[in-house]
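A.B. asks: Need coordinates for the below:
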Amino acid sequence: MSGGFTRNAIITSISQLGALALSIGTSIIIARILGPEGKGVYSLSLFFASFLVYYTTFGLHQAAVYYLGRKEYPERVMFGHGLLYALILSMLAIACGLVIIRWFGERLFPNVAPWLLLVSLLLVPAQLLFGFLAQILLGLQEFRHYNVVKLLRVSTLLMVVVVLLLWLNVGVQALLLAEAGAFLLAAMITFIFIYHRIGGVSIKLNPRYLRDSIRYGLTVHVGTMLVFLHYRADMFLINLFINPAMVGLYSVSAGLSEKLSLISAGTATVLFPMIASKADQSKIKDFTPLVLRSVLLLVGATAAVLALASPWLIITVYSDAFADSVCPFRILLFGTVALSGWSILESDFKGRGKPIWSTVTTAVSVVMNIGLNVLWIPKHGIIGAAYASSVSYTVALLIALIAYCRLSGNHLTDILVPRRSDLEMYRQLTLRLAAAFARYWREAYETVNKIRGGQ
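C.D. replies: Numbers count the residues shown, from 1 in each chain. Predicted coordinates for the structure are as follows:
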């Protein structure tokens, strides 16, 4: 594993874990103050905004990562296109949202007040702008700044939630505004950095990049829409078949299990632009399997620990009101391990310029996910939803493995069976991490002594 990739993957994963801790803290406060029903209404309102964002990006933000990695167009041109795309798509998404609320809101979102859905529309432009700018950072391979703005967003939200819920005792609408504000602040800071990093911006449309980004983006977009359904269809169906309170319980299970996938997300985030920048694809034939094995090992071990600790984790931290979230959480952990492996292969497909493989894989899994949810939620409630998601995630990984074998020329045993060289790499990596931590604490200790000596 190359030193640059390892360093960036570790830094990004640590950043993701920091974001995980802050997100869990925010989730705990919201769950304890609002209760299962209020948490469910809040989650459904966020789902509506995210649905509009995911379905109107058309994959253009991921096209920026791909073409920045390949250095086929001037950076200022792609930066300017990102801003224009965010503006135009925001207007389109809000218009679609207004139509849905006016004519379909009560049927699609029963027990959720229409005015809360209207408030959630304010999230759309902030999410879209931040999404495009963050992807540009990835394309530039500015992983440190990417991690900083991600942490800034979740830490800002946590601080505002503490003020709103613990001090002012406000409701869901204020939380939605806080989400929008956190995204907007992070977007502004990201814009300033990119502007100075590349020395300006070109707002003029480039017809060739417009054509290429749309062509690549539309291919990715189908997969992106399917992935969103994969992650969120269960909550939507739980609300349709049962009620928002069950959505609140399930959102805790799903939210915690999805946070585990942040371990793989950090690695996948770095893998995508790195593979896109490699002209010789044969050089990554052994690299992606090594990354996949390492991620499955780490996420699997963490999932086992969380499964054992889940009663304490949920009941003690979230309160007895969320005791029914324990069983779905344990079931979803198994699916999250498979989902983590799938995300690595998805990044490989996109980095090779073959996003269609990811789209086909996800499409089959989504059909199974929705079908099983419709079949099992009425009979088994949120436990049925958890089984449906875990089964479909596992199917996604299996199909992706078959597709990856055909695309890369690797055999399944080459991908999944650990090698002796893996153990040596883990040993060296552990020693390097230990040395880095030791150096950090030694420097901190010396700094403290200097301060004391000067007083």
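A.B. asks: For the helix or strand hosting residue 350, give the mean pLDDT please.
C.D. replies: Per DSSP states H and E, residue 350 falls inside helix 326-351. Average pLDDT, helix 326-351: 88.
A.B. asks: Show me what that helix is packed against.
C.D. replies: Other helices and strands packing on helix 326-351, by 3 or more CB pairs under 8 Å, 6 or more residues apart in numbering; DSSP states H and E, are helix 60-70, helix 244-260, helix 262-276, helix 287-311, helix 355-408. For every residue, glycine as well, the C-beta is placed using N, CA and C.
A.B. asks: what inclination does the first one have with respect to helix 326-351?
C.D. replies: Same thing as helix 60-70. 50 degrees (axes from the mean of the first three to the mean of the last three CA atoms, to 10 degrees).
A.B. asks: which parts of the helix holding residue 350 are buried?
C.D. replies: 326-351 (16 or more other CB atoms under 10 Å).
A.B. asks: so that helix versus helix 355-408, what angle?
C.D. replies: 80 degrees.
A.B. asks: Tell me what angle helix 326-351 forms with helix 287-311.
C.D. replies: 160 degrees.
A.B. asks: which intervals of the protein have sub-threshold pLDDT?
C.D. replies: For the chain, applying pLDDT under 70 flags the ranges 1-17, 262-284, 421-422, 424-426, 428-441, 443-455.
A.B. asks: Can you lay out the helices and strands packed on helix 326-351 as JSON lines showing mean neighbour count and distance to residue 23?
C.D. replies: Listed next are these as JSON lines, based on neighbours: other CB atoms under 10 Å; distance: least, CB to CB, whole Å:
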{"stretch": "helix 60-70", "mean neighbour count": "24", "distance to residue 23": "21"}
{"stretch": "helix 244-260", "mean neighbour count": "25", "distance to residue 23": "6"}
{"stretch": "helix 262-276", "mean neighbour count": "24", "distance to residue 23": "9"}
{"stretch": "helix 287-311", "mean neighbour count": "18", "distance to residue 23": "15"}
{"stretch": "helix 355-408", "mean neighbour count": "20", "distance to residue 23": "19"}
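A.B. asks: Which stretch among the ones you listed approaches residue 188 most closely?
C.D. replies: helix 60-70 (17.4 Å; CB to CB).
A.B. asks: Contacts for the helix or strand containing residue 116 next, please.
C.D. replies: Using DSSP H and E, residue 116 maps to helix 114-120. By CB atoms under 8 Å, 6 or more residues apart in numbering, the residues outside helix 114-120 that reach it are 41, 45-46, 48-49, 97, 100-101, 105-106, 109, 172-173, 176-177.
A.B. asks: could you flag which of those are buried?
C.D. replies: Using 16+ other CB under 10 Å, the buried ones in those are 41, 45-46, 48-49, 97, 100-101, 105, 109, 172-173, 176-177.
A.B. asks: out of the residues you listed, who's nearest residue 309?
C.D. replies: residue 46 (26.7 Å).
A.B. asks: give the contact list for the closest one.
C.D. replies: Going by CB under 8 Å, 6+ apart, the list of residues near residue 46 reads 120, 123, 176, 179.
A.B. asks: Filter those residues down to just the ones in helices.
C.D. replies: Per DSSP state H, helices hold the following members of these: 120, 123, 176, 179.
A.B. asks: Which residues lie in contact with the last one in this structure?
C.D. replies: Residue 179 makes contact with 46, 123, 126, 157, according to CB under 8 Å, 6+ apart.
A.B. asks: which one of those is nearest residue 207?
C.D. replies: residue 126 (29.2 Å).
A.B. asks: Please report the distance of the closest one from residue 53.
C.D. replies: Distance from residue 126 to residue 53, counting by CB to CB, to the nearest Å: 10 Å.
A.B. asks: Can you pull the residues that touch both of these two?
C.D. replies: Counting by CB under 8 Å, 6+ apart, residue 126 and residue 53 have no contacts in common.
A.B. asks: Surely residue 176 and residue 126 touch.
C.D. replies: No - using CB atoms under 8 Å, residue 176 is not in contact with residue 126; the gap is 10.8 Å.
A.B. asks: how about the nearest residue to residue 52, chain neighbours excluded?
C.D. replies: residue 93 (4.3 Å; CB to CB, 6 or more residues apart in numbering).
A.B. asks: I should have written residue 229 there, sorry.
C.D. replies: residue 366 is the one closest to residue 229 (CB to CB, 6+ apart), at 5.0 Å.
A.B. asks: residues contacting the one you found?
C.D. replies: Taking CB under 8 Å, 6+ apart, one finds 226, 229, 230, 233, 392 in contact with residue 366.
A.B. asks: run the last query once more with 7 Å
C.D. replies: Counting by CB atoms under 7 Å, 6 or more residues apart in numbering, residue 366 touches 226, 229, 230.
A.B. asks: Distance-wise, check the closest residue to the last one other than its chain neighbours relative to residue 124.
C.D. replies: Here the nearest residue to residue 230 in space, its sequence neighbours aside, is residue 366; by CB to CB, 6+ apart that works out to 5.2 Å. Between residue 366 and residue 124 the distance is 23 Å, computed by CB to CB.
A.B. asks: next one: residue 169
C.D. replies: From residue 169 to residue 124 the distance is 27 Å (CB to CB).
A.B. asks: Likewise for residue 240?
C.D. replies: Distance from residue 240 to residue 124, by CB to CB: 23 Å.
A.B. asks: Of those two, which one has the most company?
C.D. replies: When residue 240 and residue 124 are compared for neighbours, residue 124 comes out ahead with 26 against 17, by other CB atoms under 10 Å.
A.B. asks: wait, doesn't residue 310 sit right on residue 328?
C.D. replies: No - contact criterion CB atoms under 7 Å: residue 310 and residue 328 do not qualify, at 10.0 Å.
A.B. asks: Could you give the number of residues near residue 210?
C.D. replies: Neighbours of residue 210 using other CB under 10 Å come to 15.
A.B. asks: Show me what counts as buried in the strand or helix carrying it.
C.D. replies: Here residue 210, judged by DSSP H and E, is contained in helix 207-241. Within helix 207-241, the residues scored as buried using 16+ other CB under 10 Å are 209, 212-214, 216-217, 219-241.
A.B. asks: likewise stretch 167-186?
C.D. replies: Quick answer for stretch 167-186 (16+ other CB under 10 Å): 172-186.
A.B. asks: Name the nearest of those relative to residue 316.
C.D. replies: Nearest member of the buried residues of stretch 167-186 to residue 316, counting by CB to CB, is residue 175, at 23.6 Å.
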